[in-house]
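Student: fold the following and give me the result.
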Amino acid sequence: DLKTDIYKPAGAVDPLSQRQLVIILHTGSFLPPVINGSPNGARRDSNIVFTCTELAKRGYVAAAVSYRLGWNPTAATQADRAASLMKAVYRAIQDTKSAVRFFRKDYATGNQWGIDTSRIILCGQGSGGWVALGYATVDKLAEIQLPKFLDANAVPLIDTAVIGDWDGVGGIYNLESNLGYSNDIHMVCSMGGGMGDLSWLEAGDVPMCAVHCPTDPVATYT
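Tutor: Numbers count the residues shown, from 1 in each chain. Below you'll find the predicted structure:
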């Protein structure tokens with residue numbers, strides 16, 4: 001089961017019935033804390049808690065969500081490592097789509113969190129930034145079957161018949177969740193993230209804001 005922590009402005013009675021929702025995605029290289037070489041990598045990282053708390057103080061509903069972790073950074077070849085990591089990013093996009101549907105489902109059945117479904121923002125830090133940008137731009141099969149995303153035998157690294165499509169629908173080893181609701185969002189913010197291929201950017205994509213540190217040793221600025 002994947003969990004979310006929800007932060008709201010304090011007060012027994014909220015004078016506003018609907019507030020903008022900001023979904024926050026943690027960093028962590030798609031591996032659990034410590035195993036990934038850092039103390040970060042979960043929805044309750046201290047910086048995630050601080051960010052969500054500050055957003056709630058400023059009038060937003062903030063949600064720190066979990067997504068599936070796991071890939072094989074010790075695989076024998078670079079191609080195997082790349083394939084494993086790409087699947088991890090893909091699964092995280094699927095899980096975040098389900099999280100958006102979770103909130104839209106709640107809105108349709110009582111809106112206990114008091115969100116405004118016309119203003120949903122997705123914000124990711126580090127690897128979470130990769131998820132946010134992929135969420136906003138990957139919307140067709142051809143985009144995950146570019147030559148760079150094929151193995152040595154020209155077989156796609158992502159088999160949607162096995163792990164489902166980019167919305168988390170279909171696939172024999174995919175657990176569909178919160179179906180029947182939209183996973184549309186209205187803006188993404190990437191803090192130190194990146195994108196699998198610039199061709200994913202197309203007219204009509206949701207607005208994007210991206211910030212990056214020029215001395216980032218992992219996701220290099222250039």
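Student: which of the helices or strands spans the residue positioned nearest the centre of the chain?
Tutor: Nearest residue to the geometric centre of the chain (C-alpha atoms, centre = their mean): V131, 3.9 Å. Using DSSP states H and E, V131 falls within helix 127-137.
Student: pLDDT on whichever helix or strand comes after that helix, on average?
Tutor: Using DSSP H and E, the helix or strand that follows helix 127-137 in sequence is helix 160-163. Across helix 160-163, the average pLDDT comes to 95.
Student: ok, now which ones touch R19?
Tutor: With contact taken as C-beta atoms under 8 Å, 6 or more residues apart in numbering, R19 is in contact with 8-9, 59-61, 114-116. The C-beta positions use only the backbone N, C-alpha and C, and glycine is treated the same way.
Student: give me the nearest residue to it, chain neighbours excluded.
Tutor: Spatially, and ignoring its direct neighbours in sequence, R19 is nearest to V61 (4.9 Å; C-beta to C-beta, 6 or more residues apart in numbering).
Student: please verify my assumption that the one you found contacts T117.
Tutor: No - if you go by C-beta atoms under 8 Å, V61 and T117 don't touch, sitting 11.1 Å apart.
Student: if I look at the spatially closest residue to F102 that is not a sequence neighbour, how far off is R101?
Tutor: Leaving aside its sequence neighbours, F102 sits nearest to N178 (C-beta to C-beta, 6+ apart; 4.9 Å). Going from N178 to R101 by C-beta to C-beta, to the nearest Å gives 4 Å.
Student: next secondary structure after the lengthiest helix in the chain?
Tutor: Ranked by residue count, the top helix of the chain under DSSP state H comes out as helix 78-108. Using DSSP H and E, the helix or strand that follows helix 78-108 in sequence is strand 115-125.
Student: quick one: average confidence on that next one?
Tutor: For strand 115-125, the mean pLDDT works out to 97.
Student: quick one: buried ones out of the contacts of R19?
Tutor: Buried positions within the contacts of R19, assessed by neighbour count (16 or more other C-beta atoms under 10 Å), are 8-9, 60-61, 114-116.
Student: D95 contacts G70, correct?
Tutor: No - contact criterion C-beta under 8 Å: D95 and G70 do not qualify, at 12.0 Å.
Student: which one of these two is surrounded by more residues?
Tutor: Ranked by neighbour count (other C-beta atoms under 10 Å), D95 and G70 place D95 first, with 19 against 12.
Student: understood, closing this out.
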